[in-house]
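In: The following comprises the amino acid sequence and a computationally predicted model.
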Amino acid sequence: MPVPEPESVLEAGPEPEPQPQPVPESAPVAEPGAAPVAAPVVKRPRGRTVLLIAAAAVLGIAGGTAVGYDVQAGRAPTPLPALSQPDLAYPAKALPADKVPDPLPASQDRRVRTDGDLRKLLADRPAGWSDDKAALVFRDGWLGVDEYASRAFRDKGPQYEYFLESGMRRIAGAAWKRGQYRTAETYLVQFRSGVVQEAQALAQGQRSYMPGTEFGAGNDGDPLKGSGNGRYYLYEVERKPGYLPTYRARAIVYRGDIMADINIYDTVPISKKDIRTLAERQLERL
């Protein structure tokens, strides 16, 4: 049986020489004789560390709160001071009828006076004066908040808003005239009871700008004796081409929840005595 001839074996040629590997451009190449370059340090991400610290802080606060609550719950309750005042004492029985003190007369009880008809607190019309029928803004002695804001103040809008927010209750007024051009107007502005003394606040606010010349009289005025807080002022004369000069005097005073605003207008100078007399007469009625 013929034996197959062995396959011819190819003769191995010479092995190829190893090719040099390319060096990355970014890799530093050490110069001959130089010290070896250290490998770049890889920075450790910091996000995980921050999360661990935050979680530990939250757990610490929660654990401390729980421990503190447990400790406090185990303690005996601390007694609170009594809400009542032990020094106040009331009689066990009402006083007999013959020993009950009489109520204050209306002349001494300010609430009886101010809760009644506010128009009755207006000063009487002085001798020589007459009612000013041209002042149609007064309706039977009453005045609306918007009418007072527009008649007594140049900046109506903010003043009207202030009156609504400050708890204004009602306004009573009177208007008189004497001679051809002299007129007088008196306003009694009453506020509701509250934490803030609005009548005092309004009077102080009005007096605060009186020394100025834009809206005020341009001077500090003079104190109204017997009031403790009132002042009266003479304005600088106002002149406009084609019109008669305008003179004005004003007095501001408050008592309790009522502020009195008294004004005199004329085309000739007004004396301090004129405005002071009207203010003193009004103060006596409050």
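Out: Yep, that arrived. Numbering: from 1, shown residues only.
In: going forward, measure contacts between C-alpha atoms and count neighbours the same way
Out: Noted.
In: quick one: Thr183 from Gly226, how far?
Out: Relative to Gly226, Thr183 is positioned 25 Å away (CA to CA, to the nearest Å).
In: Next, count neighbours for Gln190.
Out: Applying other CA atoms under 10 Å, we find 24 residues neighbouring Gln190.
In: For it, which non-adjacent residue is closest in space?
Out: Leaving out its chain neighbours, the residue that sits closest to Gln190 by CA to CA, 6 or more residues apart in numbering is Ile258, at 4.4 Å.
In: Break down the protein into its strands, ranges please.
Out: 130-131, 168-178, 182-191, 222-223, 231-234, 247-255, 258-266 (DSSP state E).
In: Which elements pack onto the second one?
Out: Which is strand 168-178. Counting contacts by 3 or more CA pairs under 8 Å, 6 or more residues apart in numbering; DSSP states H and E, strand 168-178 packs against strand 130-131, strand 182-191.
In: Any buried residues in that strand, and which?
Out: 168, 170-178 (16 or more other CA atoms under 10 Å).
In: now that strand, how far from the centre of its chain.
Out: 29 Å (CA atoms, centre = their mean, to the nearest Å).
In: From Arg75, how far out is Thr65?
Out: 16 Å.
In: Neighbour count: the two, which is higher?
Out: Thr65 (12 against 8).
In: Now do the helices in this protein.
Out: Secondary structure of the chain, counting by DSSP state H: helices at 47-73, 110-114, 145-152, 156-165, 198-209, 272-285.
In: To Tyr233, which of those lies closest?
Out: helix 272-285 (7.7 Å; CA to CA).
In: The closest one vs strand 258-266, what angle?
Out: Angle of helix 272-285 versus strand 258-266, following axes from the mean of the first three to the mean of the last three CA atoms, to 10 degrees, is 150 degrees.
In: Give me the packing partners of helix 272-285, helices and strands only.
Out: Packed next to helix 272-285, using 3+ CA pairs under 8 Å, 6+ apart, are strand 231-234, strand 247-255, strand 258-266.
In: Okay, buried residues for it please.
Out: Result for helix 272-285 [16+ other CA under 10 Å]: buried residues 275-276, 278-280, 282-283.
In: of all these, which comes closest to Pro81?
Out: Closest to Pro81 out of the buried residues of helix 272-285 is Leu283 (47.3 Å), distances taken as CA to CA.
In: pretty sure that closest one contacts Asn229?
Out: No - using CA atoms under 8 Å, Leu283 is not in contact with Asn229, being 11.2 Å away.
In: Return every residue with contacts to both of these two.
Out: Val253 (CA atoms under 8 Å, 6 or more residues apart in numbering).
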